[in-house]
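*Asks:* Give me a model of this one.
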Amino acid sequence: MSTGNMRPDGPGADTAEETGRQSAVVVGGGLAGTTAALALADAGLDVTLLEGRPRLGGLAFSFKRGDLTVDNGQHVYLRCCTAYRWFLDRIDGTALSPLQERLDVPVLDADRNRLGRLRRTALPVPLHLAASLATYPHLSLAERANVGRAALALKGLDLGDPALDERDFGSWLSEHGQSRRAIEALWDLVGVATLNAVAGESSLGLAAMVFKTGLLSEPGAADIGWARVPLGELHDTLARKALDSAGVRTELRTRVTSISRTGNGRWSVEVPGERIAADTVVLAVPQRETYDLLPDGALDDAERLLAIGTAPILNLHVVYDRKVLKRPFFTALGSPVQWVFDRTEASGLTEGQYLAVSQSAAQDEIDEPVAVLRERYLPEFERLLPAARGAKVLDFFVTRERTATFAPAPGVGALRPTARTNAPGLYLAGAWTATGWPATMESAVRSGVSAADAALAALDRPRGHLFREAA
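*Replies:* Modelled structure (predicted):
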């Protein structure tokens with residue numbers, strides 16, 4: 001959608017000043033930026049959203065491959081992800097990305113050819129998982145008992161203690177009686193998917209937050225939700241419709257080259273050939289790009305942004321000529337395969353079956369050639385899914401996100417900045433900022449909420465009802 005001439009001397013350049021309305025520019029159209037733009041517009045600001053790509057959605061997007069509509073990677077959320085659920089509701093997408101009625105995760109041990117399930121009941125925490133843990137076939141009786149004791153110890157940790165961020169989760173688990181098998185079959189099963197790192201490379205603070213919030217807060221907190229339509233339908237199509245309805249001016253294929261303060265205390269946002277004036281600016285871009293755009297002095301130690309590491313996610317896509325998986329998803333043990341989802345209906349495939357495989361913490365494989373990955377993984381699918389042994393592979397392709405998330409390494413908490421900067425009217429958003437969450441869709445939306453909240457407080461503007469619930 002084009003906004004027309006936005007030069008200072010062009011038509012509409014002084015719209016905010018003429019109407020008396022305060023204005024904001026949001027840089028970045030991922031979930032963080034879209035959230036911030038919606039919240040600011042809902043509060044009555046004139047908002048311009050600038051995105052360098054030809055679409056919204058950031059790293060949770062879709063693309064066409066022949067007749068298929070493909071997500072770049074499988075994304076899920078949990079019932080405890082209240083901010084992302086607010087976002088879905090705000091863009092009228094809740095019905096398209098439903099939650100399980102109750103947590104139910106099929107876990108297939110490839111070596112032992114045995115299926116287990118992680119399920120909850122309606123009993124209060126921690127009894128809601130007791131029956132599932134008591135019958136979980138991938139751990140011994142002693143290991144199950146030790147898991148319960150470790151869970152109680154984890155529940156007792158103070159998430160506000162900064163010392164937790166300095167420790168790694170793996171060593172804490174070992175100290176609390178967790179065997180290598182228990183870490184693989186339970187703790188990493190959940191942790192790798194949510195943190196994008198194995199326990200030994202994860203901050204205890206972030207891991208404790210994930211498990212306390214998801215599994216040890218409310219019985220239904222870990223119920224899983226995922227899009228039954230392409231992600232682009234949610235994060236681009238519906239998001240853009242919501243932005244348009246809110247009066248947000250959205251500019252795609254528009255990359256910001258610099259931001260600076262003007263003589264009257266406002267902000268000037270530079271794009272090729274144009275300059276946009278605003279009272280408030282939200283930078284909702286990755287940490288490296290944020291560092292490049294930050295004015296001098298905006299953060300006390302801007303270099304720390306560059307110290308925040310990144311972690312990759314590899315996604316494998318397999319199209320079979322027939323149905324080989326009966327369940328909507330499963331996760332595997334004793335195999336390089338992690339989480340497998342059936343994306344047949346969502347992709348528009350009408351014959352056969354399309355499986356998407358999400359491989360987190362994929363540092364060792366992210367640059368492997370497609371032929372190597374095909375040779376490695378197709379036999380694994382046949383080992384895990386007997387119906388695949390006689391099926392024909394119609395397509396096998398790979399999507400790679402080399403900087404999919406920030407690395408949740410010990411010490412990262414001290415590097416993550418808050419939404420506020422030292423520069424009045426300039427705010428930061430992104431899953432990598434100090435939300436308290438790992439790099440998830442929930443963290444991205446929470447960061448957008450925080451940035452808009454800080455901006456509106458500084459402008460003495462009220463927040464909308466739904467926005468208050470998300471905050």
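*Asks:* For this structure, give me the ranges with low pLDDT.
*Replies:* By pLDDT under 70, the weakly predicted segments of the chain are 1-20, 464-471.
*Asks:* which helix is the longest one in it?
*Replies:* Using DSSP state H to define each element, the chain has its longest helix at helix 441-459.
*Asks:* Now do that helix: distance to the chain's middle.
*Replies:* Average the C-alpha atoms of helix 441-459, do the same for its chain, and the two points are 16 Å apart (CA atoms, centre = their mean, to the nearest Å).
*Asks:* Show me the helices in the stretch 301-450 of the chain, by range?
*Replies:* Here the stretch 301-450 of the chain has its helices, by DSSP state H, counting those that start in this stretch, at 344-347, 370-384, 441-459.
*Asks:* Could you dump those helices into CSV with mean neighbour count added?
*Replies:* No exception for glycine: its C-beta is placed from N, CA and C like everyone else's. Formatted as CSV, the helices of the stretch 301-450 of the chain follow (neighbours: other CB atoms under 10 Å):
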stretch, mean neighbour count
helix 344-347, 19
helix 370-384, 16
helix 441-459, 25
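*Asks:* how about the strands in the stretch 251-400 of the chain?
*Replies:* Counting by DSSP state E, counting those that start in this stretch, the segments of the stretch 251-400 of the chain that form strands are 258-261, 267-271, 274-278, 280-283, 310-320, 329-333, 339-342, 353-360, 393-406.
*Asks:* hey, which of those is tucked in deepest?
*Replies:* Per-stretch averages of neighbours, counted by mean count of other CB atoms under 10 Å, single out strand 280-283 among those, with a mean of 30.
*Asks:* Which elements pack onto it?
*Replies:* strand 23-27, helix 31-42, strand 267-271, strand 426-428, helix 441-459 (3 or more CB pairs under 8 Å, 6 or more residues apart in numbering; DSSP states H and E).
*Asks:* hey, C-alpha coordinates of the longest one in PDB?
*Replies:* Taking Å, rounded to 0.1, in the frame of the first residue of the first chain, the C-alpha atoms of helix 441-459 are listed here in PDB:
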ATOM      1  CA  MET A 441       6.100 -15.000  19.000                       C
ATOM      2  CA  GLU A 442       5.000 -14.200  22.500                       C
ATOM      3  CA  SER A 443       8.200 -12.300  23.300                       C
ATOM      4  CA  ALA A 444       7.900 -10.300  20.100                       C
ATOM      5  CA  VAL A 445       4.300  -9.200  20.800                       C
ATOM      6  CA  ARG A 446       5.100  -8.400  24.500                       C
ATOM      7  CA  SER A 447       8.000  -6.200  23.300                       C
ATOM      8  CA  GLY A 448       5.700  -4.300  21.000                       C
ATOM      9  CA  VAL A 449       3.200  -3.900  23.900                       C
ATOM     10  CA  SER A 450       6.100  -2.600  26.200                       C
ATOM     11  CA  ALA A 451       7.400  -0.200  23.600                       C
ATOM     12  CA  ALA A 452       3.900   1.300  22.900                       C
ATOM     13  CA  ASP A 453       3.100   1.400  26.600                       C
ATOM     14  CA  ALA A 454       6.300   3.400  27.300                       C
ATOM     15  CA  ALA A 455       5.600   5.700  24.400                       C
ATOM     16  CA  LEU A 456       2.000   6.300  25.500                       C
ATOM     17  CA  ALA A 457       3.000   6.900  29.100                       C
ATOM     18  CA  ALA A 458       5.500   9.600  28.000                       C
ATOM     19  CA  LEU A 459       2.900  11.200  25.800                       C
END
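*Asks:* thinking again about what came up before, format the strands of the stretch 251-400 of the chain as a markdown table; extra columns: distance to W172.
*Replies:* A markdown table is the format used below for the strands of the stretch 251-400 of the chain (distance: least, CB to CB, whole Å):
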| stretch | distance to W172 |
| --- | --- |
| strand 258-261 | 41 |
| strand 267-271 | 44 |
| strand 274-278 | 45 |
| strand 280-283 | 34 |
| strand 310-320 | 20 |
| strand 329-333 | 22 |
| strand 339-342 | 24 |
| strand 353-360 | 20 |
| strand 393-406 | 21 |
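*Asks:* Which among the ones you listed is found nearest to G448?
*Replies:* strand 280-283 (7.8 Å; CB to CB).
*Asks:* Mind listing the strands the closest one pairs with, and their directions?
*Replies:* Looking at strand 280-283 with DSSP bridges, its partner strands are strand 23-27 (parallel), strand 426-428 (parallel).
*Asks:* Could you single out the most deeply buried of the ones you listed?
*Replies:* Of all the strands paired with strand 280-283, strand 23-27 has the most neighbours on average by mean count of other CB under 10 Å, namely a mean of 28.
*Asks:* what sits up against that one?
*Replies:* 15-16, 33, 36-37, 40, 45-50, 256, 259, 267, 269, 276-285, 293, 455 (CB atoms under 8 Å, 6 or more residues apart in numbering).
*Asks:* same thing but at 7 Å, please
*Replies:* Residues outside strand 23-27 that contact it (CB atoms under 7 Å, 6 or more residues apart in numbering): 16, 33, 36-37, 40, 45-50, 256, 269, 276, 278-285, 455.
*Asks:* Pull the distance from that strand to the chain's centre.
*Replies:* Distance of strand 23-27 from the chain centroid (CA atoms, centre = their mean) equals 22 Å.
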